Each structure stands twice: as C-alpha cells, then as structure tokens.
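**Q** just the structure for this:
(one chain, ligands or ions: 1)
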Amino acid sequence: MPKLNPRHAVYVGSFDPITLGHCDIITRGARLFDHLTVGIGINPSKSPLFTPQERLAMLREILGPLQNVEIACVEGLAVSFVKDCGAGVMLRGVRTLTDIETEFTMSLANHVLAPEIETVFLMASEKYSHISSSLIKQIAMLGSNTGDEPLSSFVPLPVIEPLRMKFRPATEPPTTR
Ligand code: ADP
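**A** Numbers count the residues shown, from 1 in each chain. Coordinates of the predicted model:
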C-alpha cells in the first residue's frame with residue numbers, strides 16, 4: 001500500500017451549514033499543511049437541513065480562494081476516506097471540554113481502525129468557540145419570525161440567503177392594523 005502523506009490533512013464534518021468556526025479551522029489547517037481536503041460527511045441516518053449538493057456549492061464558493069484546499073463528499077467511514085485521499089492526517093476542531101471528550105473517544109476508535117493516520121486537533125479561536133451549526137439553525141429558525149437574526153456573526157455571507165430561504169414561512173403572515 002502506498003505511504004500516506006503526512007503533509008496532507010483531511011477535515012471531515014457535516015457542515016450543515018458551514019460556520020465561521022469551521023472556516024477558521026480550514027484557514028489555519030491550510031496554512032499548516034501542504035494540502036487540505038474538506039470532506040462533507042453524508043450520513044444516511046441523519047436528516048440534514050441542506051442537501052449534500054447544496055453544502056458542496058456553498059463550500060466551493062466560500063473556500064474557492066484557498067489554493068491548497070479541495071472539497072469532496074464523504075460516504076462511509078471518515079478514516080477510509082482519509083486513506084483513499086492518501087492523507088496521513090485527520091484534522092479536527094475542539095471548542096469545549098465536551099468536544100474534547102467526544103473527539104478523544106473518536107480519535108481512539110479511528111486509531112484502532114487506521115493506526116497509520118494521526119488526528120491533529122486545533123483549538124477553536126476564542127471568538128468562534130460558541131458557534132455550532134445547530135445553534136445557527138435555531139437562530140435562523142427563531143429569528144426568521146422577527147426578521148432580525150444576526151446571522152453574519154456566525155456564518156460566511158454565502159450561507160445567509162440559503163439559510164433564510166430554508167426557514168422562510170410558506171406564506172407571508174397576514175398584515176394587522
Ligand atoms: P460533526 O457532525 O462531525 O460534528 P461538524 O461540521 O459540526 O461535524 O464539525 C466538524 C468538526 O469541526 C468537529 O471536529 C468539530 O468539533 C469542529 N467544529 C465545529 N464547530 C467549530 C467551531 N466553532 N470552532 C472550531 N471547531 C469547530
């Protein structure tokens with residue numbers, strides 16, 4: 001089997017949707033490694049807000065300027081995808097102690113599955129450490145009723161309109177006098 005490249009990392013996530021926190025990890029990862037592959041995880045048992053095609057289109061637009069970053073969809077085990085890419089590193093981001101616990105357990109399991117792959121963790125930047133895709137979906141859902149959700153503090157610009165569209169009421173509410 002060909003040797004895996006330790007200068008090539010893979011960052012797999014749901015990106016449903018991609019957030020400023022994810023973008024921060026990707027930008028920093030792209031500076032640390034020669035190549036970074038961003039994998040959009042497709043889990044048939046989850047029902048995501050955005051289809052894989054929608055997520056792929058958003059990531060392409062947002063990450064396009066990063067020369068050494070490529071994007072792909074991932075079905076099946078993340079470690080198998082990392083190996084298929086020829087990469088030696090799995091990149092992950094951690095925000096909280098809960099993240100560290102979950103990620104540590106996952107990295108141990110991945111190490112059993114593929115001992116030749118190293119997991120590298122980047123600590124979330126302070127200003128993004130409170131951001132998660134699920135929080136953003138809640139803000140978009142609840143804020144769409146009032147029309148004043150501050151999404152630009154959480155997601156890159158190309159995500160805002162698609163996110164608003166997902167929570168737009170089917171019919172406009174009746175106007176009251
Ligand atoms: P998953 O479904 O695998 O949790 P996510 O897209 O939510 O997918 O996250 C992918 C990776 O990015 C995980 O390692 C997660 O801990 C990390 N991550 C998520 N949000 C942030 C953030 N705001 N800052 C840093 N890392 C983050």
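**Q** three-state assignment of residue 116?
**A** Of the three states, residue 116 takes coil under DSSP: H, G, I helix; E, B strand; the rest coil.
**Q** go on, residue 16?
**A** With three-state DSSP as the basis, residue 16 sits in coil.
**Q** could you pull up phi and psi at whichever residue of the chain sits closest to the ligand?
**A** The chain approaches the ligand most closely through residue 21 (1.9 Å), counting by Cβ to the nearest ligand atom. The way it works is simple: take the backbone N, C-alpha and C, and place the C-beta from them, glycine included. Main-chain torsions, residue 21, degrees, to the nearest 10: phi -70, psi -50.
**Q** give the contact list for it.
**A** Residues near residue 21 by Cβ atoms under 8 Å, 6 or more residues apart in numbering: 93, 95, 124-125, 128-129, 131-132.
**Q** how about 6 Å then?
**A** 124, 128, 131 (Cβ atoms under 6 Å, 6 or more residues apart in numbering).
**Q** residue 19 is in contact with the last one, correct?
**A** What that stands for is residue 131. Yes: the pair residue 131 / residue 19 is scored as a contact, 4.9 Å apart, by Cβ atoms under 6 Å.
**Q** next structured bit after the helix or strand where residue 22 lies?
**A** Applying DSSP states H and E as the criterion places residue 22 in helix 20-32. Sequence-wise, the next helix or strand downstream of helix 20-32 (DSSP H and E) is strand 35-42.
**Q** nice, that's everything, thank you.
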